[in-house]
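In: what follows is a predicted structure for the sequence shown.
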Amino acid sequence: MFPELTKGHSYEECKGTADWLLAQTDVRPTIGIVCGSGLGGLADMLKDQVAFNYKDIPNFPQSTVHGHAGRLVFGTLKGRPCVCMQGRFHLYEGYTIQKITFPMRIFKLLGVETVILTNAAGGLNEDLKVGDVMIIKDHINIPGYGGFNPLVGPNDDRFGLRFPCMSDAYDRELRQLAMNVAQELGYEDFMKEGVYCVLGGPSFETIAECRMLFRLGADAVGMSTAPEVIVARHCGMRVFALSLITNQAVMDYDSQEKANHEEVLQTGKQRAEQLERLVSTMVTRIEHNNNYA
Ligand SMILES: O=P(O)(O)O[C@@H]1C[C@H](O)[C@@H](CO)O1
Ligand SMILES: Nc1nc2[nH]cnc2c(=O)[nH]1
């Protein structure tokens with residue numbers, strides 16, 4: 001049944017990839033991190049690294065986007081065992097939505113309990129400035145309205161329920177932890193919270209689209225994260241996600257601004273150090289949990 005929808009990412013294939021990785025390293029990660037565009041420096045924080053190029057990992061897709069190195073890095077962060085995706089996959093690269101979210105199931109089978117996702121996003125809400133960090137409290141999954149949901153196809157109960165709840169997708173305690181850590185580090189001026197909206201990309205939005213998305217309740221717009229969150233929650237991992245606001249979405253027909261990937265990467269560089277400190281401090285304070293769902 002639906003062979004195309006499970007090809008390359010069935011339970012057995014996910015298990016094969018996870019077991020292959022576990023055989024290559026002694027690190028047993030409980031925290032998984034996904035680096036967004038220009039935010040790959042987060043992986044460099046890991047100590048005693050064991051790193052794999054995606055092309056060498058069985059069943060793994062390849063990164064094709066500038067600013068996504070394409071490495072899976074195991075190591076410890078302030079003593080906590082972690083695994084970090086230095087580069088993620090996007091729908092616009094031509095992969096199926098099941099393929100772009102495959103690494104979340106690998107995380108689960110590696111023993112990951114908590115996933116921290118980062119992304120670059122355009123600010124729709126004028127309260128968000130370039131360089132702000134938006135803790136994601138909820139998402140709007142626009143491709144999902146057209147049937148692009150990573151859980152489409154046969155449900156494998158070994159991963160999770162056929163109809164998983166998403167109203168608690170973004171863990172409240174982890175959001176509070178992020179705010180507390182940000183306050184301690186003196187980052188409160190650029191820490192915000194809001195709703196992330198995912199589109200398929202790769203074109204940036206038109207002015208009319210930006211205006212519509214803001215009216216729908218989105219604070220920031222991007223091209224990733226929500227599908228990964230759906231799969232991570234489906235298999236019972238806790239989720240924390242943040243957007244670095246790398247550009248302000250163009251909402252005004254008189255504006256001369258034009259969204260572009262270079263600006264996205266540049267803003268990532270400017271905030272890299274603070275984001276690394278925020279995430280690494282959070283990691284030291286995340287408690288173990290068993291299959292919290
Ligand atoms: O992987 P993320 O969501 O951080 O990447 C964003 C969306 C596009 O891939 C790219 C546009 O500049 O950045
Ligand atoms: N869709 C979208 N993705 C982004 N990633 C970084 N900035 C943007 C943006 O303005 N729109």
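Out: Received the coordinates, thanks. Ligands and ions are numbered 1, 2, ... in the order given.
In: without its sequence neighbours, what residue ends up closest to the residue of the stretch 1-150 of the chain found nearest ligand 2?
Out: Going by C-beta to the nearest ligand atom, ligand 2 is nearest to Gly122 of the stretch 1-150 of the chain, at 2.1 Å. Yep, even glycine has a C-beta here, placed from its N, CA and C like the rest. Leaving aside its sequence neighbours, Gly122 sits nearest to Ala249 (C-beta to C-beta, 6 or more residues apart in numbering; 4.1 Å).
In: state the distance from the residue lying closest to Asp156 once chain neighbours are set aside to ligand 1.
Out: Distance criterion C-beta to C-beta, 6+ apart; nearest residue to Asp156, sequence neighbours excluded, is Tyr11 at 4.9 Å. Noted for Tyr11: a distance of 26 Å to ligand 1, by C-beta to the nearest ligand atom, to the nearest Å.
In: list the contacts for Tyr11?
Out: Tyr11 makes contacts with Asp156, Arg158, Phe159, as judged by C-beta atoms under 8 Å, 6 or more residues apart in numbering.
In: pick the one among those residues closest to ligand 1.
Out: Phe159 (23.3 Å).
In: does the closest one count as helix, strand or coil?
Out: Three-state assignment for Phe159 (DSSP: H, G, I helix; E, B strand; the rest coil): coil.
In: whatever residue of the chain ends up closest to ligand 1 and Ile140, how far apart?
Out: Nearest to ligand 1, among the residues of the chain, is Gly36, at 2.8 Å (C-beta to the nearest ligand atom). Distance of Gly36 to Ile140, given as C-beta to C-beta, to the nearest Å: 18 Å.
In: more neighbours, these two?
Out: Gly36 (29 against 18; other C-beta atoms under 10 Å).
In: contacts only, for the residue lying closest to Ile286 once chain neighbours are set aside.
Out: Nearest residue to Ile286, sequence neighbours excluded (C-beta to C-beta, 6+ apart): Thr114, at 5.4 Å. Shown in contact with Thr114 (C-beta under 8 Å, 6+ apart): Thr30, Ile31, Gly32, Leu174, Met237, Arg238, Val239, Phe240, Ile286, Asn289.
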